[in-house]
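# Build me a structure from this.
(one chain, ligands or ions: 1)
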Amino acid sequence: MPDLKTKLAGINLENPLILASGFLGVSKASLEFVIKNGAGAVTIKSISRLPRSGHHAPIIAAFEAGLLNAVGYSNPGMIKAREEYADLKKLKAPVFLSAIGQKPGDFAKVVATLEKNDFAAVEIVLSCPHTPGYGTLAGQSTPAATAKITKAVRKVTRKPLFVKVSPDAPKLTEICKAAEAAGADGITAVNTMGPGMIIDLEARKPVLGFGMGGVSGAALHPIAVRCVYEISQAVKIPIIGTGGVTSGRDAIEMVMAGATGIGVGTAISTRGVACFHLIAKEMQDWMKENGVKSLEEIRGIAWKMSKKGS
Ligand SMILES: Cc1cc2nc3c(=O)[nH]c(=O)nc-3n(C[C@H](O)[C@H](O)[C@H](O)COP(=O)(O)O)c2cc1C
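Alright, predicted model coming up:
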């Protein structure tokens, strides 16, 4: 079988599939469960300095092409997280911290507080489209804000640092270049897009408690692929391609766009947590059928081929 082993910003992964932040990764036990089901690495639910209760229910709605969510970053806060995520080295795959904040100092405080937990990497999220005070609604999706926040976090950790970006940011490649220049080791592309809205016809009002929410899943996939394709030509640091990856073919597409890691979230709602095993197997089947021995052979090939004009 073709080998899926991957090196991502110095971290060795059995396969490139990484649980995206916000799905199942709220307790250590749930992380173990996802790892057992074949994830090469897992990202925890985003953590803020103080506990947050998030938006009012309903917080998630499914539609034909994915999910609409406005969870609003409910999380127990960094002190409780420090206890919950103790002894992570005992888990059989690397665990990534996901940190959020309103100001650069908040991100740094969360990362510094959890520095001694055995997270293999740190992801800072500058891109949520539906939580006032955070992400795009707080102006964090600009090159200047990205540089400031990345620099603040770089000062408090030597771990591989990923910056998670929005598919809607007008200066996406500039944002990624700013992250790279400020010391980031990788880019996670992308967060949910929008916000979007679904209206309940009978109730005659938006379905979600917050009214609007981020779009994930199949609807996001071609946009995420385009973002990875553009970013991978603009920066040298590796990318975790995230957005609507549901099958092995979707994952291979991300690699062809230039991704090294592959984030998986919404697929869990359609294929179950076994999707990690299934996607990995489908990737290997495709590689075998197409005579591809390693992902390195096809990484970024879509834009390399386009440049050749073939
Ligand atoms: C219910 C839900 C909760 C999410 N929570 C977070 C979060 O806490 N932090 C974060 O960075 N991204 C969060 N995301 C975004 C995902 O990590 C991912 O970037 C996005 O859903 C696109 O990938 P997918 O199409 O595979 O789900 C959330 C997405 C959903 C649907």
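# Ala302: what secondary structure?
Assigned state for Ala302: helix (three-state reduction, DSSP: H, G, I helix; E, B strand; the rest coil).
# correction: Gln233
Using three-state DSSP, the secondary structure recorded for Gln233 is helix.
# And it, how close does it get to the ligand?
According to Cβ to the nearest ligand atom, to the nearest Å, Gln233 and the ligand sit 21 Å apart. For every residue, glycine as well, the C-beta is placed using N, CA and C.
# how close does that residue sit to Asp185?
Gln233 is 18 Å from Asp185, where distance means Cβ to Cβ, to the nearest Å.
# Which one's more surrounded, those two?
For Gln233 versus Asp185, neighbours defined as other Cβ atoms under 10 Å are more numerous around Asp185 (20 against 15).
# per-residue pLDDT, that one?
Turning to Asp185, the model gives it a pLDDT of 98.
# ok, now the one 10 residues further on?
For Pro195, the pLDDT comes out at 97.
# Phi, psi for it please.
Dihedral pair for Pro195: phi -80, psi 160, per degrees, to the nearest 10.
# List the residues that contact the closest residue to it other than its chain neighbours.
Nearest non-adjacent residue to Pro195, counting by Cβ to Cβ, 6 or more residues apart in numbering: Met212, 3.8 Å away. Shown in contact with Met212 (Cβ atoms under 8 Å, 6 or more residues apart in numbering): Ala70, His130, Gly194, Pro195, Gly196, Met197, Pro206.
# Relative to the ligand, how far out is Met212?
Separation of Met212 from the ligand (Cβ to the nearest ligand atom): 14 Å.
# Which of the contacts of Met212 fall in strands?
Gly194, Pro195, Gly196, Pro206 (DSSP state E).
# surely the first one meets Gly214?
Think Gly194. Yes - here Gly194 reaches Gly214: they are 5.4 Å apart, a contact under Cβ atoms under 8 Å.
# Show me which residues of this structure are close to the ligand?
Counting by Cβ under 6 Å from any ligand atom, the residues of the chain close to the ligand are 20-22, 45-46, 60, 67, 69, 71, 73, 98, 125, 164, 191-192, 216-217, 220, 242-245, 263-267.
# how about the helices in the stretch 1-150 of the chain?
Assigned by DSSP state H, counting those that start in this stretch, the stretch 1-150 of the chain shows helices spanning 28-36, 78-84, 104-113, 143-154.
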